[in-house]
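# no FASTA, just this:
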């Protein structure tokens, strides 16, 4: 199985992996503010046992054998066992066996999911990425698809989130790479069938206890109501929003730099003449820098009123800080 030629769906997956990997291998890995990029030494595939990650592993194996630019880079897999379901060790072991049938060494890593108060999905994600990103010289591939991207955008819409949330997941985030954001879930399943890989269907994916599962069901309902192409449209929205959010963040960073004082205070004048989209982003970054946590849109609006509607207010309380205005300066206490 490891050496057979890929079918049509498998080739589409493999070509997506090749395009993403070539850019990262060419550019190198981030190494800090002043240090030059570091060369990629290894390719690590995060595997859950589902169709997306198994198809990703098959595509990465093909690239390791067939793509000249990547020749010599070892491809390995990490199967993360969160230990959250009965039989998870068996699922992880079976996934590792299937990956190894592709010619890729696989390691099963059992992680401890710590309750951080953000919900089981977020807590599991933190533990998973800590395990996957443990090797600083490796680029890590994960199997998020176009369908996952569409669900992420819909989840952001349901929460009334801003542009950055609607931007969804980026293809590259440091050493983390998502090559399949343009590939449908149906294609990864077809790729697995072509390769004779048997994937595991996570029961959490249809458990309404989990927010992501509810969004997945809602997306199916909306697709039936609105017609085909909804997932593609939501993924396209993410791409457009990401470009806008990147530009706004860059401009907001420049505004924050202009307003910042050596003691950490903010000058009012640059902020009161700035566009709201930039001012609010600059305020959010400043509040987090000053130790505020869980900052909401309401908190940002209240702090902004100290700039735009100043009538001598005593100050604004945000989680982790109190913001006051002293003359032409904002201070965090």
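In hand now; what should we look at? Computed from a prediction, not measured in an experiment: that's the story for all the values here.
# confidence score at the most centrally placed residue in the chain?
Centroid-nearest residue in the chain: residue 169, 4.4 Å away (criterion: Cα atoms, centre = their mean). For residue 169, the pLDDT comes out at 95.
# That one sits in which helix or strand?
Assigned by DSSP states H and E, residue 169 falls within no helix or strand.
# Would you check that it makes contact with residue 180?
No - with contacts counted by Cβ atoms under 8 Å, residue 169 stays clear of residue 180, the gap being 10.7 Å. Heads up, the C-betas are built off the backbone N, CA and C, glycines and all.
# any common contacting residues for the two?
With contacts taken as Cβ atoms under 8 Å, 6 or more residues apart in numbering, the residues that reach both residue 169 and residue 180 are residue 144.
# contacting residues for residue 114?
123, 126, 127.
# whoops, I mixed them up, residue 18
59, 63, 67, 70.
# Below-threshold pLDDT in this structure: ranges please.
1-4, 71 (pLDDT under 70).
# Give me the domain ranges for it.
8-236, 260-332 (automatic domain parsing).
# give me the number of residues near residue 263?
Neighbourhood size, residue 263 [other Cβ atoms under 10 Å]: 7.
# so how far is residue 329 from it?
According to Cβ to Cβ, to the nearest Å, residue 263 and residue 329 sit 9 Å apart.
# returning to that earlier point: could you single out the nearest of the contacts of residue 114 to residue 164?
Residue 164 lies nearest to residue 126 out of the contacts of residue 114, by Cβ to Cβ, at 19.4 Å.
# Torsion angles phi and psi at the closest one?
Here is the backbone geometry of residue 126 (degrees, to the nearest 10): phi -60, psi -50.
# That one and residue 268: what is the separation?
38 Å.
# before we move on, what about residue 245?
26 Å.
# What of residue 215?
In terms of Cβ to Cβ, residue 215 sits 41 Å off from residue 268.
# for the helix ranked longest in the chain, packing partners?
Criterion DSSP state H: the longest helix present in the chain is helix 230-259. Contacts defined by 3 or more Cβ pairs under 8 Å, 6 or more residues apart in numbering; DSSP states H and E place helix 230-259 against helix 146-158, helix 163-166, helix 211-226, strand 266-267, helix 268-272, helix 276-289.
# change it to 7 Å
helix 146-158, helix 163-166, helix 211-226, helix 268-272, helix 276-289 (3 or more Cβ pairs under 7 Å, 6 or more residues apart in numbering; DSSP states H and E).
# List the buried residues of it.
230-231, 234-235, 237-238, 241-242, 245, 248-249, 251-252, 255-256, 259 (16 or more other Cβ atoms under 10 Å).
# Give me the angle between that helix and helix 211-226.
Between the axes of helix 230-259 and helix 211-226, defined by axes from the mean of the first three to the mean of the last three Cα atoms, to 10 degrees, the angle is 120 degrees.
# tell me the SS of residue 183?
Put simply, residue 183 is coil when judged by DSSP: H, G, I helix; E, B strand; the rest coil.
# top of the contacts of residue 18 by neighbour count?
residue 59 leads the contacts of residue 18 on contacts (other Cβ under 10 Å) with 32 neighbours.
# What separation do you get for it and residue 142?
From residue 59 to residue 142 the distance is 13 Å (Cβ to Cβ).
# same check, this time on residue 302
Residue 302 is 38 Å from residue 142, by Cβ to Cβ.
# ok, now residue 225?
31 Å.
# Ok, residue 155 next?
18 Å.
# Check residue 287 too.
31 Å.
# what do you get for residue 220?
23 Å.
# Also residue 96?
Residue 96 is 16 Å from residue 142, by Cβ to Cβ.
# contacting residues around the helix or strand where residue 192 lies?
In this structure, residue 192 sits in helix 185-195 according to DSSP H and E. Contact with helix 185-195 is made by 1, 6-7, 9-10, 12-13, 51-52, 54-55, 58, 145, 147, 180, 199, as judged by Cβ atoms under 7 Å, 6 or more residues apart in numbering.
# List of residues touching stretch 294-305?
By Cβ under 7 Å, 6+ apart, stretch 294-305 touches 279, 280, 283, 284, 287, 288, 316, 318, 319, 323.
# Who's the closest spatial neighbour of the fifth one, skipping the chain neighbours?
It stands for residue 287. Closest residue to residue 287 apart from its sequence neighbours, by Cβ to Cβ, 6 or more residues apart in numbering: residue 295 at 5.2 Å.
# Could you do the second one as well?
Sequence neighbours aside, residue 300 is the residue nearest to residue 280 in space, at 5.1 Å (criterion: Cβ to Cβ, 6+ apart).
# With the last one instead?
Closest residue to residue 323 apart from its sequence neighbours, by Cβ to Cβ, 6+ apart: residue 316 at 4.7 Å.
# For the one you found, which residues are in contact?
Residue 316 touches 302, 303, 306, 323, counting by Cβ under 7 Å, 6+ apart.
# Quick check: which element contains the second one?
Applying DSSP H and E as the criterion places residue 303 in helix 297-308.
# So for stretch 42-57, what gets flagged as buried?
So for stretch 42-57, counting by 16+ other Cβ under 10 Å, buried means 43-57.
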